[in-house]
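K.L.:
Give me a 3D structure for the following:
(2 chains)
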Amino acid sequence: MQASNTNDTSGRTTGHECGDPLHIGSLTLQSRLLLGTSGYPNMQVLLESIAASGTELITVAIRRINLEDEQEEGFLSTIRSLPVSLLPNTAGCYTAKEAVLVAELAREALETDLIKLEVIGDDETLMPDAEQLLKAASELVMSGFTVMAYANDDPITCRKLADIGCAAVMPLASPIGSGMGIVNPYNLQLIRELLPDLPLLVDAGIGTASDAALAMELGYDGILLNTAVSKAEHPVKMAAAMRHAVHGGRFAFQAGRIPRRFFAQASSPMQGRVGQ
Amino acid sequence: MSESTIQINGASSRLPDTGRLADVLTERGIDPTDARGVAVAVNERIVRKADWVDRRLEAGDSIEIVTARQGG
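P.N.:
Predicted coordinates:
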């Protein structure tokens, strides 16, 4: 789904969201920032953050319906009214079997083949269980899902996910919600080198705007973040910051940076100096 | 006749006399013929919306009724 920019309540022009789309499966996104919907102070802040971020794809979790709470129905109908697509996740799943069931429930409930696949190995790091992740990815791809796989920053696992047929691979910057930013840029660069043609997004651990910009400078195709915005002191402002950071990083990547030099190289010419 | 128990979203519940999934849903305010944003699994197997109306339940069945909520 291509979002119009008319939901941008800030009134800012959004011309730089056009002309450089991100294709994931059959989805075309003008914004390379994907946003999670968890942990905001209230619904109003969530809605304003979505608008300020310019995102066109937001994540949701699949959970038991609260049979006594009608407010829940309000959440889904509210976000469905926005010009965004929904990306259900398999958060909280520890086995391939659980993840596959949740993905099928998500597809049935939301009528989408998109799935953000998370299969977690332990509660403290929330890092993926690579073995179960690969198993789940394989089953879901064979069942026709468009799988965006949240992965360890391990080049081999990422390549295996690509070989399985995932539509996007999303290595972590650092543990979910940690805000540590990119702890292993070398690995992320390796993954980018190994998988030059597959949509790669950095997902998890982004803490502030510079983290997102760096990921884009490394050549990643997009960023998925949640806590960095929802738990910021001013979530709406941070959402806007992330929007600009993703653009800035993307432009810098496309512009081609200068090489790093050990010694200085004068930027002003030496000829014609006074007193020579 | 002994009461038949099923599990719905982790809580014990009484199996309706009709044994129909559709009645379980209707009792909880979910229209079995038109419920967007909702999905159902019985015994860890998904039940497609088209099958909600005809699906029969048995004592001991475990039903999950889910929807989308805030998540990262």
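K.L.:
List the pairing partners of the strand ranked longest in chain B within its sheet, with orientation.
P.N.:
Ranked by number of residues, the top strand in chain B under DSSP state E is strand B:62-70. Strand pairing for strand B:62-70, using DSSP bridges, gives strand A:57-64 (antiparallel), strand B:5-8 (parallel), strand B:38-42 (antiparallel).
K.L.:
Dump those strands to CSV, plus mean neighbour count, mean pLDDT and distance to residue A:214.
P.N.:
Yep, even glycine has a C-beta here, placed from its N, CA and C like the rest. Output for these, formatted as CSV (neighbours: other CB atoms under 10 Å in any protein chain shown; pLDDT from 0 to 100; distance: least, CB to CB, whole Å):
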stretch, mean neighbour count, mean pLDDT, distance to residue A:214
strand A:57-64, 23, 97, 21
strand B:5-8, 17, 94, 47
strand B:38-42, 22, 97, 38
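K.L.:
now residue A:39, nearest residue through space, not along the chain?
P.N.:
Nearest residue to residue A:39 in three dimensions, chain neighbours excluded: residue A:230, at 4.0 Å (CB to CB, 6 or more residues apart in numbering or on different chains).
K.L.:
residues contacting the one you found?
P.N.:
By CB atoms under 8 Å, 6 or more residues apart in numbering or on different chains, the contact set of residue A:230 is A:36, A:38-40, A:46, A:49.
K.L.:
ok, and the most crowded of the residues you listed?
P.N.:
For the contacts of residue A:230, neighbours were counted using other CB atoms under 10 Å in any protein chain shown, and residue A:36 has the most, 30 neighbours in all.
K.L.:
Bridged to that one, which residues?
P.N.:
Residues in a beta bridge with residue A:36, per DSSP bridges, are residue A:59.
K.L.:
of all the residues in chain B, which ones are close to chain A?
P.N.:
B:8-10, B:28-30, B:36-41, B:44, B:46, B:48-49, B:64-72 (CB under 8 Å from any CB of the partner chain).
K.L.:
Go ahead and build a PyMOL selection from the buried members of those.
P.N.:
To isolate the buried ones among these in PyMOL, judged by 16 or more other CB atoms under 10 Å in any protein chain shown, type:
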select buried, chain B and resi 8+9+30+37+38+39+40+41+46+49+64+65+66+67+68+69+70+71+72
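K.L.:
May I have the residues that are in contact with the residue in the stretch 1-150 of chain A that chain B sits nearest to?
P.N.:
Closest residue of the stretch 1-150 of chain A to chain B, CB to the nearest CB: residue A:61 (2.6 Å). Shown in contact with residue A:61 (CB under 8 Å, 6+ apart): A:38, A:88-89, A:91-92, B:68-72.
K.L.:
That concludes my questions; thank you for your assistance.
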